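Student: no sequence on hand, only this structure:
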């Protein structure tokens, strides 16, 4: 313990000033190079083999896919053209991005506030709230969907407020379902943050909100990003709620895809090719968004200087 | 108190709307789309199944129909689509509970009794039928599943999709068969002749793993042996007739060996793919939905449709009905909460008139329910057997318990598939599964109202 | 602006060095995590609490989860089916009859067992995978952004897409059967019979390990740089360092991941439903299948709600026992600030 404190005093500043330097990489590396490479390669392969198959299938004919071909015997890109009219993907993707995107942002914003209070303050019912948040995660969606629909639709009858069929009705639903978990992600993250800065700021007279926005927030980006990703995905993937709460013009991509997939299975050969193409097109935005944000995930290491 | 609640709700809503419009980043229309404020005339909402075989054509049909409807009534017509029966049920449920939703639902025939049982659909009286152009304009067989009896009808037949079998003319000829058999025993004999396992060629393509096919065979064979699966409030699922039906159905694979062993994992579309590649002589339990695939396949000039057998063996037992197919297709029901019943009737009259029905058939392949339109079709290629089957279709029992019974019948097959794959479904296992099916069917009938 | 968000390095470091709470100890003195003095920093503030920050989330959860949940519980006391759905509020009140039927006649206990065992097996395998992936990608290397994004793919594919794709591959004439056949392996059917259980486990693992990965990664980010340096200075071997230095930091996020991951598996309806269709083969008749078929195929909404409540209770009990055991909700007793 004393060693580390001493190390800290002498060494940390240099390391911190040169984030990403070779020296720092050596210090923080947790695995020998060969093992690291092996893990990365194996897992990438596990993910990519099916994905490559999906990609090949998306360039194949439906009969080809049905008969178990891996390498298409005849190639076509028609699938990528047809999905825009048959699946209604453009409209769906726009709706999904708006709904899931707003959910992610608002959920991250709410969750940092909630988590801040839950981690830093003592009050009666604190632990109950923390547990209840987890308990809510185990409520099955199928139990909720009917009552929720009734509730929302009666808001049109009694309050004159149309919720069903709108994007923000869906947004509120997803926000609520993602909040408990996002909050927990932030709770575990905030517990790891040192308190000294907050205390210093308080001595300087900062308010609660000031501490949250000026001290906690800048330190919390990695946690916030993870929490936002987790809040984004349920909205992006959900079919249960979206299928009863949307209209054709507010339909999300997942619903559009599912409508397409399940209705293409009656009588004729399923349109595997388009199905696969549409799946890839749907997954692409999320992967791209993540590729962009993932650099903020390195927080704990390189933002050492900010702490 | 009451005001307080409302205020809270309203303020959440406002806050959320603000939040969303702030985050939506300039994308407009987020909340306006659901407003549904319609000052100019009325709007009729119609809920139909999505047709992905002909997506563009369906869109076109929506547009054309809406235009024609606007011209005829001055009202707007809006279509919504659903993917599967389950989606639709959820919609009906939620709409029925909340009293808002589409005015007209397209209802699959076997689903109609369940939908009607919810009470969400308006009964059609004599005046209503008059407004539709009279009951006489419909193919009378098609009316068989519009309600529990002739005088209590809830749904308007819109399209008909009877089940037939497809056969490969070339394979039949090679096996020395001049025309498809009309009894099940005859069919098995023909299938045996057409089977050449060494070439991967089999007499029949059967979809054992399909979630909808199996019960149709069982129902048909049971009817053909004079056994009614549902008789009033009694389920007759565990008896000799039904056992025999399952044994025949499984026997094609285990005993007669006229079916590709891989078919234990096939859904209907995979069986179709197999038939379309020319590896099976008969493909059972198909409809005009397969036209598209078959016409684009290697056997496009070599196939035709025929009636499925309407009799078990050479002589029919007493009480047997010569069923060729379940009564299959789409009905349209008017929601009982609809405030636009007149418009709904006008719409239904329009789409069940002869010309509309014929043009619908031309585009989508579904048969007309309009009897004039139907009789004008029998000369079209591949259509003779199908129109014949439309006339020889029989309605499945009109009870709210039917969905459960269907499920129980399919479940017998699903649980037997591992046995089937190993080559033998033992009598004891079968009777045990049939007893379970009988119990659940009877239980469900007991609850029926 | 008297609040300095970036205090001068010296004072910051001094504060750190002095005020550090007990942290996971370096290798030699393993397991001594709980021994720190209860200094003043440990206590949570009770003054000036901004409890209003809890309100927006609280109201949302009340309206969207708690009230519908209460309605759902109420429905479970009704004889609600397709015959009574339209006037559902006046459906006959039958008290606990649905519960009795659920427990005695529906095979729910077997379903609970299937659900719990499958989700536990899947979790036991995803956990090391996810942690390994996080550890492997926490250091910069060329192409890391790409690898990290690739890792995420299974998680961002909608559940029914994952299921549809795997079903296509597992079907009798599909690629997997063909490939194994060429290798001389012929294990029979994948989408029917006893293999279904393992197919479900397999696909669930494929789809959900990135979830663990993401949480573990965020946990790793919380490891202070000094910890790395300290253990480097001590010359700790990489696995001792992992075991005694890094993993204690992951305890919080990982316990959370186990919990939430298991719940996700247990409540996952789409995956088995799309993979195996309805009715379910007996070997994969997991809970959501049962409630779904009861509610949406047999239209016994009341019974289905009863089953959902029973399963909820059966899941909540172990959940709270688990919460007690890992002290997830109590930062003060769980070893340092983690």
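Tutor: Arrived safely, thanks for sending. Please read all numbers here as calculations on a predicted model, not as lab measurements. Residues are numbered from 1 along each chain as shown, chains lettered A, B, ... in the order given.
Student: for the residue nearest to the spatial centre of chain A, helix, strand, or coil?
Tutor: Taking CA atoms, centre = their mean, the centroid of chain A lies closest to residue A:229, which sits 2.2 Å from it. Recorded secondary structure, residue A:229: helix (DSSP: H, G, I helix; E, B strand; the rest coil).
Student: for chain B, see how far away it is.
Tutor: 16 Å (CB to the nearest CB, to the nearest Å). To be clear about C-beta, it is placed using only N, CA and C from the backbone, and glycine gets the same treatment.
Student: where exactly do the strands run in chain B?
Tutor: With DSSP state E as the criterion, chain B has strands at B:43-49, B:76-82, B:104-108, B:155-160, B:164-168, B:202-205, B:230-231, B:234-235, B:280-286, B:303-306, B:325-326, B:329-334, B:367-368, B:393-394.
Student: parallel or antiparallel, list what pairs with the fifth one.
Tutor: Read that as strand B:164-168. The strands that strand B:164-168 pairs with in its sheet are strand B:280-286 (antiparallel), strand B:303-306 (antiparallel) (by DSSP bridges).
Student: next: the fourth one.
Tutor: Within its sheet, strand B:155-160 is paired with strand B:329-334 (antiparallel), strand B:367-368 (antiparallel), according to DSSP bridges.
Student: likewise for the third one?
Tutor: Strand pairing for strand B:104-108, determined by DSSP bridges: strand B:43-49 (parallel), strand B:329-334 (antiparallel).
Student: now the last one
Tutor: In its sheet, strand B:393-394 lies beside strand B:325-326 (parallel), with partners assigned from DSSP bridges.
Student: quick revisit: ranking the strands of chain B by mean pLDDT, which is last?
Tutor: Lowest mean pLDDT within these: strand B:76-82, a mean of 88.
Student: and the closest residue to chain C within the stretch 251-400 of chain B, what does it touch?
Tutor: The stretch 251-400 of chain B approaches chain C most closely through residue B:265 (3.3 Å), counting by CB to the nearest CB. By CB atoms under 8 Å, 6 or more residues apart in numbering or on different chains, residue B:265 lies in contact with B:208, B:209, B:417, C:171, C:172, C:173, C:189, C:191, C:192.
Student: among these, which one has the lowest pLDDT?
Tutor: Among those, residue C:173 carries the lowest pLDDT, at 73.
Student: and the residue nearest to it when sequence neighbours are not counted, which of the three is it?
Tutor: Distance criterion CB to CB, 6 or more residues apart in numbering or on different chains; nearest residue to residue C:173, sequence neighbours excluded, is residue A:68 at 4.7 Å. Secondary structure, three-state DSSP: residue A:68 is coil.
Student: tell me the phi and psi of residue A:68?
Tutor: phi 80, psi 20 (degrees, to the nearest 10).
Student: neighbours around it, how many?
Tutor: 18 (other CB atoms under 10 Å in any protein chain shown).
Student: shouldn't it be in contact with residue C:177?
Tutor: Yes. Look at residue A:68 against residue C:177 with CB atoms under 8 Å: they come within range, at 7.2 Å.
Student: list the residues that contact both of the two?
Tutor: residue C:171.
Student: quick check: residues of the stretch 51-200 of chain B near chain A?
Tutor: B:51-53, B:55-56, B:59, B:80-84, B:87, B:90-91, B:93-94, B:97-100 (CB under 8 Å from any CB of the partner chain).
Student: could you say which helix or strand holds residue A:226?
Tutor: helix A:221-237 (DSSP states H and E).
Student: packing partners of that helix?
Tutor: Applying 3 or more CB pairs under 8 Å, 6 or more residues apart in numbering or on different chains; DSSP states H and E, we find helix A:221-237 packed against helix A:89-120, helix A:167-191, helix A:253-263, helix A:272-293, helix A:299-302, helix C:144-156, helix C:195-221.
Student: which among the contacts of residue B:265 gets closest to chain A?
Tutor: Closest to chain A, out of all of the contacts of residue B:265 and judged by CB to the nearest CB, is residue C:173, at 4.7 Å.
Student: burial of the closest one, as a residue count?
Tutor: With other CB under 10 Å as criterion, residue C:173 counts 18.
Student: give the contact list for it.
Tutor: Listed by CB under 8 Å, 6+ apart, the contact partners of residue C:173 are A:66, A:67, A:68, B:262, B:265, B:270.
Student: residue B:432 is nearest to which of the helices and strands packed on helix A:221-237?
Tutor: Closest to residue B:432 of those is helix C:195-221 (CB to CB; 20.1 Å).
Student: re the thing from before, host element of the closest residue to the residue of the stretch 251-400 of chain B closest to chain C other than its chain neighbours?
Tutor: Closest residue to residue B:265 apart from its sequence neighbours, by CB to CB, 6+ apart: residue C:172 at 3.3 Å. Here residue C:172, judged by DSSP H and E, is contained in no helix and no strand.
Student: again with the one 4 residues further on
Tutor: With secondary structure defined by DSSP H and E, residue C:176 is part of helix C:175-182.
Student: could you list every helix and strand in contact with that helix?
Tutor: Using 3+ CB pairs under 8 Å, 6+ apart, helix C:175-182 sits against helix C:159-170.
Student: list the residues that contact residue A:220.
Tutor: Taking CB under 8 Å, 6+ apart, one finds A:112, A:186, A:189, A:190, A:193 in contact with residue A:220.
Student: against chain C, how distant is it?
Tutor: Look at residue A:220 and chain C: by CB to the nearest CB, they are 11 Å apart.
Student: what's the answer for residue B:247, then?
Tutor: Taking CB to the nearest CB, one finds residue B:247 at 19 Å from chain C.
Student: need the contacts of residue C:173 in TSV with pLDDT, can you?
Tutor: Formatted as TSV, these follow (pLDDT from 0 to 100):
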residue	pLDDT
A:66	71
A:67	70
A:68	73
B:262	85
B:265	84
B:270	82
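Student: would a markdown table of those residues with distance to residue A:52 be doable?
Tutor: A markdown table is the format used below for the contacts of residue C:173 (distance: CB to CB, whole Å):
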| residue | distance to residue A:52 |
| --- | --- |
| A:66 | 19 |
| A:67 | 19 |
| A:68 | 16 |
| B:262 | 25 |
| B:265 | 24 |
| B:270 | 23 |
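Student: which of those sit farthest apart?
Tutor: A:67 and B:265 (13.4 Å).
Student: point out the most buried one among the strands paired with strand B:104-108.
Tutor: A comparison of the strands paired with strand B:104-108 by mean neighbour count, using mean count of other CB atoms under 10 Å in any protein chain shown, puts strand B:329-334 on top with a mean of 25.
Student: name the residues that touch stretch C:94-112?
Tutor: Under CB under 8 Å, 6+ apart, the answer for stretch C:94-112 is C:76-79, C:285-287, C:289-290, C:294, C:302-303, C:305-307, C:309-311, C:314.
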